[in-house]
Every structure is written in structure tokens, then in C-alpha cells.
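Structure, please.
(one chain, ligands or ions: 1)
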Amino acid sequence: MHAADGTWVRVCTIDDIPLLGSRVLECAGGDNIALFRPAAARVFALADRCPHKGGPLSQGIVSGDTVTCPLHGWNIQLDSGQACAPDVGCARKYPVQLRDGDVWLALSLAAAGDGVAAAEVAA
Ligand code: FES
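Residues are numbered from 1 along each chain as shown. Modelled structure (predicted):
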């Protein structure tokens, strides 16, 4: 991983994330981050923690721009982290960009120091 532009961190390439799937960034001292790829050149980043009871969103099913939590079936919007009605809640979202096929994530300085520096990209 390479830090650049202050808090932007390159985490992987888009092809490291399976299409209609996800990849988890394991972060020391905080929630893991799930990167979702709902289309060939689209990526979203949410905390890997369902706002209902903490289920691993990265293990859910991606359909359109939502992911269905594997525990109780809540649908979470990938662009906002908001649960779809009638459920109410929000998973933390992270700014993410695609640059020339690379995925960049914006994190707070604290998270960048504690999390991403120690983060391990897992399949
Ligand atoms: S923990 Fe995700 S729907 Fe219950």
C-alpha cells in the first residue's frame, strides 16, 4: 500500500475485487472495511459491520447497488450505507475512488496510521 495525497491510500486494484463481490481490508483497532464491486468499474467502501446486529456485510450478496446482509437479510445501499426501508440504520461509508484501475480509499489520519498501515488485504 502506498500513502498519497494526504489521507488517500491505494489499497488494491479493481480486479482484486470479484465482480458482484467484495474484498475485506482488515484494520487493526477498528472495524474492517468491505470493498464492494457491483459493476466492472464501480467500487464502494463500507464498514464490514451491518447496522442491525453487526453481521459481516462482505459475506452478503451484492445485487444492483445494494448488499444483503447474510445474517437476517437487511438490504444496505452501497453508496450511502443506509438500510433500505422498512429497516433503519446506517453502516459507516468511506470515500473511495478508482484511478487508472487502482482503488484508493480516504481514511482519517488516525485510521491511516492505525488501520491501513497495519491493514492486510484478504481475499
Ligand atoms: S445483522 Fe445484518 S441483518 Fe441482522
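
Can you tell me the SS state at the residue located most distally from the centre of the chain?
Within the chain, the residue lying farthest from the chain centre (Cα atoms, centre = their mean) is P86, at 23.0 Å. Going by DSSP: H, G, I helix; E, B strand; the rest coil, the secondary structure assigned to P86 is coil.

State the distance from it to R99.
38 Å (Cβ to Cβ, to the nearest Å). Every residue, glycine included, has its C-beta placed from N, CA and C.

can you tell if stretch 72-85 touches the ligand?
Yes: using Cβ under 6 Å from any ligand atom, stretch 72-85 reaches the ligand at H72, G73, W74.

Pull out the buried positions in that stretch.
Within stretch 72-85, the residues that count as buried by 16 or more other Cβ atoms under 10 Å are W74, N75, I76, Q77, L78, G81, Q82, A83.

ok, the closest residue in space to the second one that isn't next to it in sequence to D100 distance?
In space, and not counting its chain neighbours, N75 is closest to C84: 4.2 Å by Cβ to Cβ, 6 or more residues apart in numbering. With the distance defined as Cβ to Cβ, C84 ends up 33 Å from D100.

next one: R49
Distance from R49 to D100, by Cβ to Cβ: 30 Å.

which one of the two has more residues nearby?
Under the neighbour definition other Cβ atoms under 10 Å, R49 and D100 were set side by side, and R49 has more, 20 against 6.

Identify the residue nearest the more buried one in space, chain neighbours excluded?
D31 (4.9 Å).

Least confident secondary structure element in the protein?
The weakest-scoring helix or strand in the chain, judged by mean pLDDT, DSSP states H and E, is strand 120-122 (a mean of 40).

and the buried residues of stretch 72-85, which of them are in strands?
Those of the buried residues of stretch 72-85 mapping onto strands are N75, I76, Q77, per DSSP state E.
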